[in-house]
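>>> I would like to see how this sequence folds:
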Amino acid sequence: VAVVRPGPSAPVTAPGAGHNPALLGVRCRACGVLQPADARYVCGECLGPIEPDYDTAALARTDLRGTIEAGPQTLWRYAPLLPCRPASGQWPVGMTALVPAPRLGAAIGVPGLMIKDDTRNLTLSFKDRPVAVAAARAIELGLTTLACASTGNLAGAVAAAAARLGMPAFVFVPADTEPSKVMGAASYGATVVRVNGTYDQVNRLCGRLVDELPTWGFVNFTLRPYYAEGSKTMLFEIAEQLGWHLPDHVIVPVGSGALLTRTATAAAQLVATGLVPSVPMRISAAQPAGCAPVTDAILDGMRAVRAVRDARTIARSLAIGAPADGDGSVAVVKRSGGSGASVSDDEIVAGCELAATTEGLSIEPAGGVVVATARAMARRGEFKGGERVVLYLTGSGYKQGHGDTLSLAPAIAPDADEFLAAHPTARP
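Numbers count the residues shown, from 1 in each chain. All right, here's what the predicted structure looks like:
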């Protein structure tokens, strides 16, 4: 991959990425090199992670707030801080409710509690946000098929987005993924590939298929720099819903770590563009004890993340033992003054029940992890009086499936040759 070394603020243009004059290119988080915002998904020099970089100083000189407030009631109102155009015909995603949760707050000991309710998106989870951006970028790059490795929610989001855009979709999931989530993805017409292995093995399989299937966009692999940008829009919305102020504290569920790290990115961009005052915002992490590589590292002195080989938790959407943004998440939490908790399955169930019985909100186990984490942190005295604490509730307890009318193909081993043999029409 060619590497370009421009000046610190000189834009690097690439086909399909020039519509946003504030987009400078993609910058490596490891070595800092700025490169074209093209089809690359890792740094061309060090193979480190890359993410879009914006000229926030230029945006600060515009009426950015006015532009946003005049925009659509979707995440695309924040287009000046997103890397691509919306694809024609995409379903509206984002602009979900931020609501006070006084009864839940009283039950868990967190006055001033608020909920960012992302259970209201198209496929009932926040994954519709990153997929909206990844799918739009796939169209710009001329890719023909959407694919992903998933623990459940992402599969449904990819399947629905692909159906709306008239694209085939392949979703790769561990064979023990909740049937309702798998069948939900299948109901949108996606090919569901069940793999006998962990999520990390599924993800590695997708990585091995990248070179075999060059016209496919694996949203959380080859499109990851753009996919992750969609996660920023949760905090963009929260800040706007709070009258262009940051909350004091956010508690974020952690699977891969992309949502947590991009929450920090979003805060920095909101401040750098002058949309919000520069005030501290703490970011804390929530994970299930059965798969807690990030929160265990946080609670053990902010050490390096150690992979979890055998994830065992009812919060399967967070069962990622080797999170791509794990160490980055620890660094964000440490820098912001945040904390976290690793909570048991019993605590997760109690968290889900509390959200339902106090606020009338049905949430999936990942949301129970967040509620239980807030409760554990309150017991440790982690919250300050008068703080506005926002819980990221990212998935609904309702997951529609169609098990009576749909059937799935047999599970395969985490082997590229076996996949290609089972699906010979996958090759271009």
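>>> From now on I want contacts and neighbour counts done on CA atoms only, so please keep to that.
OK.
>>> Quick one: distance of the lowest-mean-pLDDT helix or strand in the chain to the chain centre.
Among the secondary structure pieces of the chain, namely its helices and strands, helix 179-187 has the lowest mean (mean pLDDT, DSSP states H and E), a mean of 88. Centre-to-centre, helix 179-187 and its host chain are 20 Å apart (CA atoms, centre = their mean, to the nearest Å).
>>> go on, stretch 106-119?
Centroid separation for stretch 106-119 versus its chain: 21 Å, with CA atoms, centre = their mean.
>>> go on, stretch 152-166?
On CA atoms, centre = their mean, the centre of stretch 152-166 falls 15 Å from the chain's centre.
>>> Pull out the buried residues from it.
Within stretch 152-166, the residues that qualify as buried are 152-163, 165, counting by 16 or more other CA atoms under 10 Å.
>>> again with stretch 342-349
For stretch 342-349, using 16+ other CA under 10 Å, the buried residues are 342-345, 347-349.
>>> Reformat those as a markdown table; add distance to Gly25 and pLDDT.
Formatted as a markdown table, the entries for those read as follows, by distance: CA to CA, whole Å; pLDDT from 0 to 100:
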| residue | distance to Gly25 | pLDDT |
| --- | --- | --- |
| Ser342 | 37 | 98 |
| Val343 | 39 | 98 |
| Ser344 | 42 | 98 |
| Asp345 | 42 | 97 |
| Glu347 | 43 | 98 |
| Ile348 | 41 | 97 |
| Val349 | 43 | 96 |
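>>> Narrow those to those in strands?
If you go by DSSP state E, the buried residues of stretch 342-349 have 342-343 in strands.
>>> List just the nearest of the buried residues of stretch 342-349 to Ser180.
For Ser180, the closest of the buried residues of stretch 342-349 turns out to be Val349, at 18.2 Å, with distances computed as CA to CA.
>>> ok, so what distance separates the closest residue to that closest one other than its chain neighbours from Ile320?
Nearest non-adjacent residue to Val349, counting by CA to CA, 6 or more residues apart in numbering: Gly368, 6.3 Å away. Gly368 is 17 Å from Ile320, where distance means CA to CA, to the nearest Å.
>>> When the two are compared, which one has more neighbours?
A side-by-side neighbour count of Gly368 and Ile320, using other CA atoms under 10 Å, places Gly368 first with 32 against 27.
>>> Quick one: residues in contact with the helix or strand hosting that one.
Gly368 is part of helix 365-379 when elements are defined by DSSP states H and E. Under the contact criterion CA atoms under 8 Å, 6 or more residues apart in numbering, helix 365-379 has outside partners 108-110, 251-253, 286-288, 314-318, 339-343, 347-352, 355, 383, 391-395, 397.
>>> which secondary structure elements does the helix or strand following it contact?
In the C-terminal direction, the helix or strand that comes right after helix 365-379 (DSSP H and E) is strand 389-393. Contact partners of strand 389-393 among helices and strands, from 3 or more CA pairs under 8 Å, 6 or more residues apart in numbering; DSSP states H and E: strand 113-117, strand 249-253, helix 365-379.
>>> Could you check how far the longest one is from the centre of its chain?
Averaging C-alpha positions (CA atoms, centre = their mean) puts helix 365-379 19 Å from its chain's average.
>>> buried residues in that helix?
Neighbour counts using 16+ other CA under 10 Å place 365-378 of helix 365-379 among the buried residues.
>>> Rebuild these as TSV, extending it with pLDDT and distance to Val133.
Conversion of these to TSV gives the following (pLDDT from 0 to 100; distance: CA to CA, whole Å):
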residue	pLDDT	distance to Val133
Pro365	95	26
Ala366	96	23
Gly367	97	23
Gly368	97	27
Val369	98	26
Val370	98	25
Val371	98	28
Ala372	98	31
Thr373	98	29
Ala374	98	30
Arg375	98	33
Ala376	98	34
Met377	98	33
Ala378	98	35
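>>> now the helix holding Gly368 and strand 389-393, what's the angle there?
Our comparison of helix 365-379 with strand 389-393, counting by axes from the mean of the first three to the mean of the last three CA atoms, to 10 degrees, yields an angle of 160 degrees.
>>> How confident is the prediction for Leu406, by pLDDT?
Among the per-residue scores, Leu406 shows a pLDDT of 58.
>>> repeat for Thr357
97.
>>> Centroid-nearest residue for this structure?
Centrality entry for the chain: nearest residue to the mean C-alpha point is Leu259, 4.3 Å, by CA atoms, centre = their mean.
>>> between the buried residues of helix 365-379, which is nearest Gly142?
Distances from these to Gly142 were compared by CA to CA; the smallest belongs to Ala366, at 34.3 Å.
>>> Pull the residues that contact the host helix or strand of Arg65.
Under DSSP H and E, the secondary-structure element containing Arg65 is helix 64-69. Residues external to helix 64-69 that are found in contact with it (CA under 8 Å, 6+ apart): 77-78, 273, 275.
>>> One more pass at 6 Å, please.
When contacts are defined by CA atoms under 6 Å, 6 or more residues apart in numbering, helix 64-69 is touched by residues 77-78.
>>> next one: it to chain centre, how far?
From the chain centre to the centre of helix 64-69 is a distance of 24 Å (CA atoms, centre = their mean).
>>> cool, stretch 189-198 as well?
For stretch 189-198, the distance between its averaged C-alpha position and the chain's averaged C-alpha position is 20 Å (CA atoms, centre = their mean).
>>> Determine how far the last residue of it lies from the first.
From the first residue to the last, stretch 189-198 extends over 24 Å; the measure is CA to CA.
>>> what mean pLDDT does that stretch have?
Per-region confidence: stretch 189-198 scores 96 on mean pLDDT.
>>> List the contacts of that stretch.
Outside stretch 189-198, the residues that touch it by CA under 6 Å, 6+ apart are 159, 169-175, 411-414.
>>> Tell me which two of the residues you listed sit farthest apart.
Greatest spatial distance in these: Ala159 and Ala413, 22.1 Å, computed using CA to CA.
>>> Helices of the stretch 1-150 of the chain, start to end?
Secondary structure of the stretch 1-150 of the chain by DSSP state H, counting those that start in this stretch: the helices cover 56-60, 64-69, 102-108, 128-140.
>>> Of those, flag the one that's most buried.
Each of the helices of the stretch 1-150 of the chain was given a mean neighbour count from mean count of other CA atoms under 10 Å, and the largest, a mean of 26, is that of helix 128-140.
>>> Output the contacting helices and strands for that one.
With contacts defined as 3 or more CA pairs under 6 Å, 6 or more residues apart in numbering; DSSP states H and E, the secondary structure elements packing on helix 128-140 are helix 224-227.
>>> How far away from the center of its chain is the helix it packs on?
The gap between where helix 224-227 is centred and where its chain is centred comes out at 10 Å by CA atoms, centre = their mean.
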